[in-house]
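**Student:** my questions are about this predicted structure, shown below with the sequence.
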Amino acid sequence: GNMCTWGLNNYGQLGLEDFERRGTPQTVPALTAVKAAVVACGPAFNVVVTGSTQVLSWGQNTNGQLGHGDTVDRSVPTAVFSLRGVALRTVSCGGRHVVCLDVEGKLWAW
């Protein structure tokens, strides 16, 4: 299936490659070929874990909560390269942080 987003988009948190507010559900183009296993939402950012162990994040990144090693907001789902190949079981977003649990029981946080 497709992932859809709508609502406020001032940090690009809808993943629609812009910062325009949407009042109706919109398909996220960058995720049309992705099979999401887990989706987690923070106040203005999102994280997706795919079935192929890829982690993608986008939206507000003021505190580095997207996990890309910088504080640049992203309006497109972007791979978190430091977790490439890590098989994650679940992910949870806090206000300004993310916590993941891998299949071996190791906790990852940023």
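**Tutor:** Perfect, thanks for sending it. Numbering: from 1, shown residues only.

**Student:** which SS class is L101?
**Tutor:** Assigned with DSSP: H, G, I helix; E, B strand; the rest coil, L101 falls in the strand class.

**Student:** these two touch, right, it and V86?
**Tutor:** No - with contact defined as Cβ atoms under 8 Å, L101 does not count as touching V86 (10.5 Å). Using the backbone N, CA and C atoms, a C-beta is placed for each residue, glycine as well.

**Student:** which neighbours do the two share?
**Tutor:** Common contact partners of L101 and V86 (Cβ atoms under 8 Å, 6 or more residues apart in numbering): W108.

**Student:** can you count the residues close to the spatially closest residue to Q54 that is not a sequence neighbour?
**Tutor:** Counting by Cβ to Cβ, 6 or more residues apart in numbering, Q54 lies nearest to A79, which is 6.0 Å off, once chain neighbours are set aside. Using other Cβ atoms under 10 Å, A79 is surrounded by 14 other residues.
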